[in-house]
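# Based on what follows, work out the 3D shape:
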Amino acid sequence: MTDLIQELNNALADRIDHVHESLVQISNGRGAGAGTIWHGDGLIITNAHVIRGHHGLNVTLSDGRKFPASVIAADDQLDLAALSINADNLPTIQTGDSRSLKAGQWVMAVGHPWGVQGAVTSGVVIGIGDQLPEMGQMQPGRHWIALNLHMRPGHSGGPVVDSEGKLVGINTMITGPDVGFAIPVHVVKSFLKDAIGNKAAAAI
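Next comes the predicted model:
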């Protein structure tokens, strides 16, 4: 059993190392959030609230390089934004199937809580869909992933990945010490398709 647990730990660590490569930090002049490289030519996904009302956005890659960023599209209702930096051949993350997530499934959220670079927190899916009681009162009809894990300010805009290290959601908010919510990756794809076009939505 010990060997099996060690193998699992090593496998998860390897997958998170890959996730870290596509994780960025977004500075907005007053604070910082996280983002995920969606396409190798410099397209980055984050939360709209991370960039809202701020100018002079800068993106720091996992290798330490820094780039000024421009906003391509933003949707406050979805809390999603697409940024562009002048870079290419960037590492991306493979997308998973957010529609197939089930309660109890193991997931990990990555970001920069309280400035801690690339911090990982893990837990399980509480539920997914457009009928989650708490979120239904706020924005009925919206699809969410409810998560039982420990997120903090600075996780916003970062990736939620499944046990295979595939992107299934984007961190968006916390509603309690160990309850967070993420935007499903299929919602992200729809946002990009509407805002930019089919090519961007299918980039990874």
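# Distance of the closest residue to M151 other than its chain neighbours relative to N89?
Excluding the flanking residues, the one nearest M151 by C-beta to C-beta, 6 or more residues apart in numbering is G180, at 4.0 Å. Placement of C-beta: from N, CA and C, glycine included. For G180, the distance to N89 (C-beta to C-beta, to the nearest Å) stands at 32 Å.
# Between these two, point out the one with more neighbours.
Neighbour totals were compared for G180 and N89, and G180 leads with 26 against 7 (other C-beta atoms under 10 Å).
# List the buried residues of the helix or strand that contains K193.
For K193, the element it lies in under DSSP states H and E is helix 185-195. In terms of neighbour count (16 or more other C-beta atoms under 10 Å), helix 185-195 has its buried residues at V185, H186, V187, V188, K189, F191, L192, A195.
# which secondary structure elements does it contact?
Here helix 185-195 touches strand 70-75, strand 80-84, strand 167-176, helix 198-201, going by 3 or more C-beta pairs under 8 Å, 6 or more residues apart in numbering; DSSP states H and E.
# picking up where we left off before, contacts only, for the residue nearest to M151.
Neighbour list for G180: A109, A146, L147, L149, M151, H155, N171, M173, I174 [criterion: C-beta atoms under 8 Å, 6 or more residues apart in numbering].
# Show me what counts as buried in stretch 108-120.
Residues of stretch 108-120 classed as buried: M108, A109, V110, G111, H112, P113, G118, A119, V120 (neighbour count, 16+ other C-beta under 10 Å).
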